[in-house]
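J.: Below are the sequence and a predicted model; questions follow.
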Amino acid sequence: MTVNKLSKGHNLRWESSRMMLPEHVEQFIHYQNNRGIISKPILDEQKLEEINDIIRIAIEDYTPVYIDVYKDGVIKTVMCYVNKLDQYLRELRVTIEDRLEKVKIENVVDIR
């Protein structure tokens, strides 16, 4: 079989002339960059009190908790043990799968 410019998949003349309108390119790039990205939820006073109470109980009883952490437009849920609340640095010291890690309090969206 001979391959030429008119063969299926090898139409070089028309392959390079496919075009998109600038508006479509802009929308496509915006969609690619913002896939799955959400804005950080704003917590009310009641929710903040609930989070503080659960953190206090988790530290006292050393029970596992699930923490929803917001980072870079994504909310990630981690199961961990809360070791310490550092109010000066505003972060939690937690144990996740035998690793000690730090979680900024302002990134905590929910805890259960």
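T.: On my side now, so go ahead.

J.: any idea which helix or strand carries residue 78?
T.: strand 74-86 (DSSP states H and E).

J.: give the contact list for the residue nearest the centre of the chain.
T.: Centroid check for the chain by Cα atoms, centre = their mean gives residue 74 as the closest residue, at 1.8 Å. For residue 74, the contact set (Cβ atoms under 8 Å, 6 or more residues apart in numbering) comprises 36-38. For every residue, glycine as well, the C-beta is placed using N, CA and C.

J.: remind me, longest helix of this protein?
T.: In the chain, assigned by DSSP state H, the helix with the most residues is helix 45-61.

J.: what's the least confident helix or strand in this structure, going by average pLDDT?
T.: Across the helices and strands of the chain, mean pLDDT, DSSP states H and E gives its lowest value to helix 12-15, namely a mean of 54.

J.: hmm, who's touching the very next helix or strand once past that helix?
T.: Going down the chain from helix 12-15, the next helix or strand is helix 22-33, by DSSP H and E. Applying Cβ under 8 Å, 6+ apart, the contact partners of helix 22-33 are residue 20.

J.: what residue ranges in the chain score low on pLDDT?
T.: Across the chain, the ranges flagged by pLDDT under 70 are 1-19.

J.: Number of residues surrounding residue 65?
T.: Applying other Cβ atoms under 10 Å, we find 18 residues neighbouring residue 65.

J.: Confirm that it lies within a helix, as I assumed.
T.: No. Assigned with DSSP: H, G, I helix; E, B strand; the rest coil, residue 65 falls outside any helix and is strand.

J.: residues contacting it?
T.: Applying Cβ under 8 Å, 6+ apart, the residues near residue 65 are 54-55, 58, 79-82, 111-112.

J.: could you flag which of these are buried?
T.: In these, burial by neighbour count holds for 54-55, 58, 80, 82, 111, counting by 16 or more other Cβ atoms under 10 Å.

J.: could those go into JSON lines alongside distance to residue 68?
T.: Formatted as JSON lines, the buried ones among the contacts of residue 65 follow (distance: Cβ to Cβ, whole Å):
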{"residue": "54", "distance to residue 68": "12"}
{"residue": "55", "distance to residue 68": "13"}
{"residue": "58", "distance to residue 68": "14"}
{"residue": "80", "distance to residue 68": "12"}
{"residue": "82", "distance to residue 68": "14"}
{"residue": "111", "distance to residue 68": "7"}
